[in-house]
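Below are the sequence and a predicted model; questions follow.
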Amino acid sequence: MFADDTTIYLTSKDNFTTLTKILTKWCKASGAKFDKTKTEVIPIGPKPYCQNLIESRKLNNNSTMIPEDVNINKDRTATRILGAWVGNETNEHNIWSPMIEKIDTSLKRWERCHSTVEGRKIIIQCIIEGMTQYLTVAHRKPKEVKKALITKARNFIWDNKGKSSVSLDILCAQIDIDSKNMLHLTH
């Protein structure tokens, strides 16, 4: 049996050694194996508690130490859990940068098709909106990311040939007023 990710939340009253014993028994019973080198602890809670956990490697004063080979994330370190990035004081730019690069790569590949405006609208919906949908729900979309995505969409819709005489509002308006009904990226 294989499990890609296992996420376990512990409170300040728990003990890491107790968790390890439970997981060892579960692995024996199920035949599963954990890759202990991938184990990460993400401190959650008030800053003094998190700082104490990082420094002491203990969930509380009475618990055993978390082994040295287990990574304890410090502030500004994000860990990916089911597609979302979790951590304290994480940098939103670092979270969104790989997505922006992925969108750029996809749009460049689609650029070679020389699609119609209608085709480009569909590509924008699939690439820009589709690729960012989950990340937007899991994390807020920063204003500078929204602005960059709108610029990418405008440039792509007009084949990167400069400024369009058609406003973004008209492109995004309902079809019944003669627009392209492109998804509105500012939502």
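That came through, no problem. Remember, predicted model here, so these are calculated numbers, not experimental data.

so what's the spatially most central residue of the chain closest to, chain neighbours aside?
Among the residues of the chain, the one closest to the centroid is residue 84, at 3.8 Å (C-alpha atoms, centre = their mean). Nearest-residue entry for residue 84: residue 138, 3.7 Å, with adjacent residues in sequence omitted and distances by C-beta to C-beta, 6 or more residues apart in numbering. Backbone N, C-alpha and C define where each C-beta goes, glycine included.

confidence score at the one you found?
On pLDDT, residue 138 comes in at 86.

related to what we said a few turns ago, surely the residue nearest to the centre of the chain and residue 139 touch.
Yes: counting by C-beta atoms under 8 Å, residue 139 is a contact partner of residue 84 at 7.0 Å.

Tell me the buried residues in the strand or helix carrying residue 20?
Using DSSP states H and E, the element containing residue 20 is helix 16-30. Using 16 or more other C-beta atoms under 10 Å as the test for burial, helix 16-30 gives 16, 20, 23.

Could you list the low-pLDDT ranges of this structure?
Residues of the chain that meet the criterion pLDDT under 70 lie in 1-4, 162-166, 168, 171, 173-187.

what sits up against the longest helix along it?
As assigned by DSSP state H, the longest helix anywhere in the chain is helix 92-111. Helix 92-111 is contacted by residues 78, 85, 123, 127-128, 131-132, 135, 139-142, 144-145, 148-149, 152, 156, 159-160 when judged by C-beta atoms under 8 Å, 6 or more residues apart in numbering.
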